[in-house]
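Q: Generate coordinates for the sequence data below:
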Amino acid sequence: MRTLIDFKNAGTGFRGSAPARVRWVFVAPKRAVLLAVFSFLIFLAISAVSAFAVLSSDWTMSTVVSNPSDQVNENISGHTVIWQDYRNTAYGCPSVNNCLDGDIFVRQMPAGLEQKLTATPIGMDPDISGNIAVWRDWSTGRVIVHNLTTGVESNASTVGGTVQQITPSVSGNKVVWIDYRQSTDYGEVYMRDLSAPSDVALTQADPSLAAPQKDKRHPDIDGNIVVWEDWRNAYQDASGWWHNPDIYMKDLSTGVESPVCTDPSDQYAPVVSGHTVAWQDYRNGNWDIYMKNLDTGVETRVTNSTDDQTWPSLSGDMLVYKSSPPYSTTQSDVYMEKLSTGAVTNITSDAPLQKLPKVSGYSIVWLDNGAGNWDVKEIDDTVAPQITSVAPVGNLAATAATISAGYSDAGSGVNTASVSVTLDGTAVAGCSVTAAQVSCPVTGLAQGAHAIGVAAGDLAGNAATASGSFFVDTVAPAVGAVSPSGWLTAAGATVSAGYSDAGSGIDTASAAVTLDGAAVTGCPVTAAGVSCPLTGLADGHHTVSVSVKDMAGNTGSASGSFDVDTKPPGITLATAFNPVTDNIDINAGLSDPAPGSGINASSVAVRLNGSPVS
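A: All right, here's what the predicted structure looks like:
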């Protein structure tokens, strides 16, 4: 047996929220009680273990509507939520499968006020796309189209009378529904392009089939693709139960109708987004979610669990569905899966029942029974991506660099198409963008300061920016003349040099002095120069080198030399009497052994008895 059975009666509008629907007869396949009990025991003994992500803090959960009455059959487009509301009626949803007509409300999330669209509680099965809301009018059986911008209402169909039209779906300017004008025993898919004068039939029954086999149900539309449940291949067993509804589609751009899935088991509740169709499928002995890529023709089993996964909703890369233990009427939760990554997140995991999730973009709504009645809840990704590691930073001794940044988003994920980089306010082209980072090689950088700007948004539309800066300096510091120079007559001296840098500035920690190739330590260093007091200098020639870097790492240097001569010249004196001249000859020998500076001839002076001798 099916644990959730949905009823549909075109004459009374008696309708619910479960996958299987019948007109006057049950259409859900009958399962033996013994099989049900056995399956349940197996479930208790062996439970499928699945790893689900925890809902991150990027997602904000809010209550769309909380009222003591029931709110059901919610839908969403963008951030506008529509639902069926029972606050103005004496009845509501006595059971999961029995929701009668009510008022239709909308609310623009997160801060918009509720707006009641119906004058009296006669609405059912609302849907919304942009500024177009549709629902079934209980009193007339017709599909109503309401323009939220203008407030103008009209019938979707131009046919008169009391033809029953149910379960409308809208995408852009096109509305589809199940229509009973061809027969009160089965429905066909009809469509109205609101820019066209009248509605048209998208399906036509095969007259050779029995009435239940002609039936179509649960239409959904996105763009030019319409999908529905189709009973043409259904069959009835000996007990009178019907089996094997399939999923069919029609491409409005080509007019071609084709099967999506005709597996011999049961397929229900199809939804379409772009060229992807999803549905719930019973081929594995319990409900799973399947999907098909219409471009490739590839069919994929999305869920694989002993629990039942039902009521899928699809929007782009996001799939949501309800999951519950087999045959359970007291436990159900809502899950979402990002199809591109396969990441599955348990949105709800508390005790109250949750059901019928719907997704639009990265906004998700569902029905919640936590207050003892059905309320509408929503989650949105409200947190922008985090941008980190903007580079380069500091000083750069090159005219080429790679500008880069990392980013992450724990909600809907980074929208790589939104990533942009600017340099000094101008967009940078040729960047390589991945889901985790962006890198942009740049060349011809001018000397001086540069500003980086990085922007990234997530798939829900939240945007983030970050900034950084760096300084290009390829010119080395200027180092002045090194002193002392020439000859020194002392064994001590102060070696010094001045320096300057017009770019990134002097890195004082890099200043270095060498004497005769050996590092000199203990030198006082300033941003303008270095000075090193030296002692114990040996006589002879000495070489000095001074180097310093700027903050970008460029090195400037200068060198010099000096000589030390601390020993006086040697003098040898000899005198002799010259009898011829009757004079005394004075002879002095002068010497300055290496590594002395040599005799300065102009400094030689001779005195006799204190007086200069010329």
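Q: and the helix or strand harbouring Ser404, how far out from the chain's middle?
A: In this structure, Ser404 is located in strand 401-408 according to DSSP states H and E. From the chain centre to the centre of strand 401-408 is a distance of 15 Å (CA atoms, centre = their mean, to the nearest Å).
Q: which helices and strands does that strand pack with?
A: Judged by 3 or more CB pairs under 8 Å, 6 or more residues apart in numbering; DSSP states H and E, strand 401-408 is in contact with strand 386-391, strand 414-423, strand 437-442, strand 448-458, strand 463-472. Where C-beta positions appear, they are placed from N, C-alpha and C, glycine not excepted.
Q: how about the longest one: buried residues?
A: Residues of strand 448-458 classed as buried under the neighbour-count rule (16 or more other CB atoms under 10 Å) are His450, Ile452, Gly453, Val454, Ala455, Ala456, Gly457, Asp458.
Q: Residues in contact with whichever strand or helix holds Pro219: which ones?
A: Using DSSP H and E, Pro219 sits in strand 216-222. With contacts defined as CB atoms under 8 Å, 6 or more residues apart in numbering, strand 216-222 is touched by 8, 21, 167, 169-171, 174-178, 186-189, 191, 203, 226-231, 245, 248, 268-274.
Q: Generate a ChimeraX selection restricted to the buried entries among the residues you listed.
A: Here is the ChimeraX command that selects the buried residues among these (16+ other CB under 10 Å):
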select :8,21,167,169,170,171,174,175,176,177,178,186,187,188,189,191,203,226,227,228,229,230,231,245,248,268,269,270,271,272,273
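Q: burial measure for Ser157, as a count.
A: 21 (other CB atoms under 10 Å).
Q: Export the buried residues of strand 448-458 as CSV, with columns for distance to Asp317 and pLDDT.
A: CSV is the format used below for these (distance: CB to CB, whole Å; pLDDT from 0 to 100):
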residue, distance to Asp317, pLDDT
His450, 37, 98
Ile452, 30, 98
Gly453, 28, 98
Val454, 24, 98
Ala455, 22, 98
Ala456, 17, 98
Gly457, 15, 98
Asp458, 12, 96
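Q: for these, which one is nearest Asp507?
A: His450 (19.9 Å; CB to CB).
Q: who's in contact with the closest one?
A: By CB under 8 Å, 6+ apart, His450 lies in contact with Leu423, Asp424, Ser469, Phe470, Phe471, Val472.
Q: among these, which ones are buried?
A: Taking 16+ other CB under 10 Å as the criterion, what is buried in the contacts of His450 is Leu423, Phe470, Phe471, Val472.
Q: From Ser389, how far off is the last one?
A: The reference is to Val472. To Ser389, Val472 is 20 Å away according to CB to CB, to the nearest Å.
Q: The second one now?
A: Summarising the geometry, the distance separating Phe470 from Ser389, computed by CB to CB, is 13 Å.
Q: Please apply the same query to the first one.
A: Applying CB to CB, the value for Leu423 to Ser389 is 17 Å.
Q: returning to that earlier point: neighbouring strands of the next helix or strand after the strand holding Pro219 in the sheet, and parallel or not?
A: Next in sequence after strand 216-222, counting helices and strands by DSSP H and E, comes strand 225-230. Strand 225-230 pairs in its sheet with strand 216-222 (antiparallel), strand 246-251 (antiparallel), by DSSP bridges.
Q: which residues touch strand 225-230?
A: Defining contact as CB under 8 Å, 6+ apart, one finds that strand 225-230 is touched by 176, 178, 189, 191, 202-203, 216-221, 245-252, 259-260, 267-272, 274-275, 277, 294.
Q: just to revisit the earlier point, go through the buried ones among the contacts of His450 and name the one nearest Ser315.
A: Leu423 (36.6 Å).
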